[in-house]
Every structure is written in structure tokens, then in C-alpha cells.
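Trainee: what shape does this take:
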Amino acid sequence: MRKQGFYRKYNFPDADLYAMVVDRLKYAQRDMNSFKEFGMSMTKLKGIQSRALQFYNLPNDDELVGNQMVVTEKKYDKANLLKSAIRAVMTRVAMKYGQRSGRYRAYGTAKMSDMSD
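Mentor: Now for the predicted structure:
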């Protein structure tokens, strides 16, 4: 079953979002006296700033795609090793029972090359 993709609510790079947050925080610090009547304090701004820094330290999309590609390559390598081992067993089964026998077909490897992950 295919995993559903994650869709963001914004359509620009993470670095741009972080830059926007930093700019807005600077504006809010500059105009703190005006924001106090809305319940904004320096403590809240520091909290927003720490969450923005946590967001900045997360891996970006390119890093995550690269990690995914590495894991996929490892998975394909393991699949090839497994298919080779299965073929070796099936060669022995074919020698013992013959390729057209019911015992050979009971192993269910006839369309192994057509199987997806």
C-alpha cells in the first residue's frame, strides 16, 4: 500500500519561511510597546524564536529525499540478495522434482521477477 504524501500549507522553501519568521520577530521586538496591549510579551517572543530555531534545525527536504534514496538503494540491494538466494534454492528444487512438476510450482516463485516491492 502506498503512503499518502504530506502536503504543506505553504508553497515556498523552508529557508524562506524561517527568514520571514526572523523578520517578523524583529518587527515585533521593535514594536513591543504596541503589542503589549494584545497580550504579547518578550517571553512569548522568545518562545516563538525557540520554536523557529527548532524548525530551522530540522533536516530540509533535499536531505530527507537523499536519505530516502540511500534507504531505497539498500532495500534494492537486499532484495537482489534475497532473490539470488531464492533462485539457488529453486535450482535445487528443479533438479529434484523438475520445473514442470506440481511440487516446483507449489513454491510460488514462477513470477518472482514480476513482483513489486
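Trainee: for residue 32, give its distance to residue 89.
Mentor: Distance from residue 32 to residue 89, counting by C-beta to C-beta, to the nearest Å: 73 Å. Yep, even glycine has a C-beta here, placed from its N, CA and C like the rest.
Trainee: now for residue 104, how many residues are close by?
Mentor: Residues lying near residue 104 (other C-beta atoms under 10 Å) number 16.
Trainee: check the residue nearest to it when sequence neighbours are not counted and give its pLDDT.
Mentor: The shortest distance from residue 104 to any non-neighbouring residue, by C-beta to C-beta, 6 or more residues apart in numbering, is to residue 97 (5.1 Å). Note for residue 97: predicted pLDDT of 90.
Trainee: gap between the lengthiest helix in the chain and the chain center?
Mentor: Scanning the chain for the longest helix, with DSSP state H as the assignment, gives helix 61-97. From the chain centre to the centre of helix 61-97 is a distance of 20 Å (C-alpha atoms, centre = their mean, to the nearest Å).
Trainee: so after that helix, what's the next helix or strand?
Mentor: helix 102-105 (DSSP states H and E).
Trainee: packing partners of the longest helix of the chain?
Mentor: Secondary-structure packing of helix 61-97 (3 or more C-beta pairs under 8 Å, 6 or more residues apart in numbering; DSSP states H and E): helix 102-105.
Trainee: how much space is there between residue 32 and residue 40?
Mentor: Separation of residue 32 from residue 40 (C-beta to C-beta): 7 Å.
Trainee: do residue 46 as well
Mentor: Look at residue 46 and residue 40: by C-beta to C-beta, they are 11 Å apart.
Trainee: so for the two, which residue has more residues nearby?
Mentor: Neighbour comparison, residue 46 and residue 40: the larger count goes to residue 40, with 15 against 11 (by other C-beta under 10 Å).
Trainee: identify the residues contacting that one.
Mentor: Counting by C-beta atoms under 8 Å, 6 or more residues apart in numbering, residue 40 touches 28, 32.
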